[in-house]
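> after the sequence you'll find the predicted model.
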Amino acid sequence: MASPAETRTSGRSRASIAARTLRTDRWWIPPLLTTIGLATFVIYAGVRSFMRTGYWDAEHHYLTPFYSPCLSDSCLPGSAHFGTPIGELPGFIPLAFLSLPFLLGFRLTCYYYRKAYYRSIWFSPPACAVAEPHTKYTGETRLPLIVQNAHRYFFYVAFLITLINTYDAIVAFQGGFGLGNLILLGNVVLLWCYTLSCHSCRHVTGGRLKHFSKNPVRYWIWTQVSRLNTRHMQFAWLTLGTLVLTDLYVWLVSTDVISDLRFIN
Amino acid sequence: MGYDAKLRVWRGDDGSGQLQDFTVEANEGEVVLDLIHRLQATQAPDLAVRWNCKAGKCGSCSAEVNGRPRLLCMTRMSVFAEDEVITVTPMRTFPVIRDLVTDVSYNYTKAREVPSFTPPPGLAPGEYRMQQVDVERSQEFRKCIECFLCQNTCHVVRDHEENKPAFSGPRFLMRIAELEMHPLDVADRRDEAQSDHGLGYCNITKCCTEVCPENIHITDNALIPMKERVADRRYDPIVWLGNKLFRRGEN
């Protein structure tokens, strides 16, 4: 990195301390855990999105969120809840190609995930008061990172996709009521918590107002979103976990590795 | 029960300096500033340290303890093991004057660059009327004691001195957000926040929030809402179109 200690301001220079940081705690653990957590999800989700097996359990009507909405002729019978307006898709295109890029974009531009990967992957900075290794820094002032300002558009699409996931979870009750239904439902509830606690949601629902007193309904919505927003990080991680859990459960049940625990039917 | 604490204090000026080891008596209930004062009284009478209230309210004794930006008067000795070496250094981001005292004039320069409160024309002081619900959001930011720990820890200027002219830092971006959210302020500060004060440099890694001794949610409640307002102004064609078509004003 540049040597700030050498740089002079107002005729004076910074204290000459050569060490990158004087922190004595294990500051490297959070970025390490974050990298492991994100990498695990990206690898699992990447592999599963292209597998095209174990995503639909016809007996219990379970559809994994990684394949929703399934809109092509390549989808298994029954898994296309909204018809098949698209013909056969070549194997290198995920069946949920309409939703996955937006969901990825929603998480990539999310204010929490930005903090997570800027710190743990880009080391900018790796931890507070630990010097970053880059010689130059322009932040989000220019391409490509200026695109982060489009987060609200990804939020709008993610909102619609969460509606679709909700529909999938409700449709699954047609097959009775089992543990899979609870898992799908729990996943959807947490997806709503994550989506609605988004900082852009907080802004568009009421944050952009200057006078709450003139907009009492939007102020109430903003207040509720703000309460959720304080737990946005927790929801971000919880939903990564529930997405993997839901997909894994549907995969194992649909391939008869395990049987679904049934409560009714 | 008292014990001998091991202190390592940076001593020097803008020319040169180094960490020096001291052994200083520590007693139950004391904070790091107490030990710095005892060190000054018993072993190093020329040690320079800036302090005032000893209650975490004046923001004078900002420094770094074991590499972490802290107020010396709010850092209890009980959080350290008795055999631990406690390193006390001046804030890294600012030029050092002597020992633990830094030149924080960068912050005063940036403060002057923020346009002041702009009430509606024709409204005189004494005639201001506001709803509590409208002002309470920005009142959180009024808790700031201007210790400048957020400015010190922000990597945008801490690791890149060259960014100082373009970046005002979290404290003053928060001040802009405070005015932007103020129900009686009529100035549009969104363009300036991005172009003149460097809001785009912030990559919301939240170190400013982590070190704030007043626990102000700088990132979540000031910087991110301000980024969203800038997106309204500069990066959102639908909002722009809506404003044009429906002639929306401030609401």
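Nice, I can see it. Numbering: from 1, shown residues only, chains lettered A, B, ... in the order given.
> for residue A:21, phi and psi?
phi -150, psi 150 (degrees, to the nearest 10).
> state the distance from it to residue A:109.
Distance of residue A:21 to residue A:109, given as Cβ to Cβ, to the nearest Å: 29 Å. For every residue, glycine as well, the C-beta is placed using N, CA and C.
> what about residue B:173, how many residues nearby?
Per other Cβ atoms under 10 Å in any protein chain shown, the neighbour tally for residue B:173 reads 27.
> can you pull out the helices in chain B?
When assigned using DSSP state H, the helices of chain B occupy the ranges B:32-42, B:105-113, B:132-139, B:149-153, B:155-158, B:170-181, B:190-195, B:207-211, B:224-230, B:237-246.
> could you find the closest non-adjacent residue to residue B:66?
Excluding the flanking residues, the one nearest residue B:66 by Cβ to Cβ, 6 or more residues apart in numbering or on different chains is residue A:24, at 4.8 Å.
> looking at the helices of chain B, which has the lowest confidence?
Among those, helix B:237-246 carries the lowest mean pLDDT, a mean of 82.
> buried set for that helix?
By neighbour count with 16 or more other Cβ atoms under 10 Å in any protein chain shown, helix B:237-246 contains the buried residues residue B:239.
> how about that helix, does it reach chain A?
No: interface with chain A: helix B:237-246 contributes nothing (Cβ under 8 Å from any Cβ of the partner chain), its closest point being 8.5 Å away.
> alpha carbons only: can I get that helix in CSV?
C-alpha atoms of helix B:237-246 as CSV (Å, rounded to 0.1, in the frame of the first residue of the first chain):
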residue,chain,number,x,y,z
PRO,B,237,-34.4,7.0,-14.4
ILE,B,238,-37.9,6.0,-13.1
VAL,B,239,-37.7,8.4,-10.2
TRP,B,240,-36.4,11.1,-12.5
LEU,B,241,-39.3,10.4,-15.0
GLY,B,242,-41.8,10.4,-12.1
ASN,B,243,-40.6,13.7,-10.9
LYS,B,244,-40.8,15.2,-14.4
LEU,B,245,-44.3,13.8,-15.2
PHE,B,246,-46.0,14.4,-11.9
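> what helices and strands are in contact with that helix?
Packed against helix B:237-246 by the contact rule (3 or more Cβ pairs under 8 Å, 6 or more residues apart in numbering or on different chains; DSSP states H and E) you find no helix or strand.
> show me what from the stretch 51-200 of chain A comes close to chain B.
Listed as neighbours of chain B in the stretch 51-200 of chain A under the rule Cβ under 8 Å from any Cβ: A:111, A:114-115, A:118-119, A:124-125, A:128-132, A:134, A:136-141, A:145-146, A:149-152, A:199-200.
> give me the neighbour count for residue B:171.
There are 25 residues near residue B:171, going by other Cβ under 10 Å.
> in helices only, show me the residues of the stretch 51-200 of chain A next to chain B.
Under the assignment DSSP H, those contribute A:111, A:114, A:115, A:118, A:119, A:151, A:152, A:199, A:200 to helices.
> any regions of chain A where pLDDT drops low?
In the prediction, chain A carries residues with pLDDT under 70 at positions A:1-10.
> which parts of it are helices?
Using DSSP H, the helices of chain A run over A:29-51, A:100-108, A:111-120, A:151-171, A:179-196, A:199-202, A:216-229, A:232-254.
> returning to that earlier point: neighbours of the residue nearest to residue B:66, how many?
15.
> against residue B:213, how distant is it?
Residue A:24 is 20 Å from residue B:213, by Cβ to Cβ.
> same check, this time on residue A:159
From residue A:159 to residue B:213 the distance is 38 Å (Cβ to Cβ).
> what do you get for residue A:91?
57 Å.
> higher neighbour count, those two?
Counting neighbours by other Cβ under 10 Å for residue A:91 and for residue B:213 shows that residue B:213 has the greater number, 21 against 9.
> which one among the ones in helices among the residues of the stretch 51-200 of chain A next to chain B gets closest to residue A:39?
Lowest distance from residue A:39 to these (Cβ to Cβ) belongs to residue A:119, with 14.6 Å.
> and that closest one, how far from residue A:28?
Per Cβ to Cβ, residue A:119 is found 11 Å from residue A:28.
> how about residue A:254?
Counting by Cβ to Cβ, the gap from residue A:254 to residue A:28 is 40 Å.
> who's more crowded, those two?
Legend: neighbour count by other Cβ under 10 Å for residue A:254 and residue A:28, higher for residue A:254 (22 against 13).
> quick check: that one touching residue A:54?
Yes: using Cβ atoms under 8 Å as the test, residue A:254 is close enough to residue A:54 to be in contact (4.9 Å).
> need the overlap of contacts for these two.
Contact criterion Cβ atoms under 8 Å, 6 or more residues apart in numbering or on different chains; residues shared by residue A:254 and residue A:54: none found.
> list, one by one, the residues from the stretch 151-251 of chain B near chain A.
For the stretch 151-251 of chain B, the residues in contact with chain A (Cβ under 8 Å from any Cβ) are B:153, B:155-156, B:158-164, B:181-183, B:198, B:200-207, B:210-211, B:220, B:224-225, B:227-232, B:234-236, B:250-251.
> only the buried subset of those residues, as a PyMOL command please.
Only the buried entries of those go into this PyMOL selection, using 16+ other Cβ under 10 Å:
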select buried, chain B and resi 153+155+156+158+159+160+161+163+164+181+182+183+198+200+201+202+203+204+205+206+207+210+211+220+224+225+227+228+229+230+231+232+234+235+236
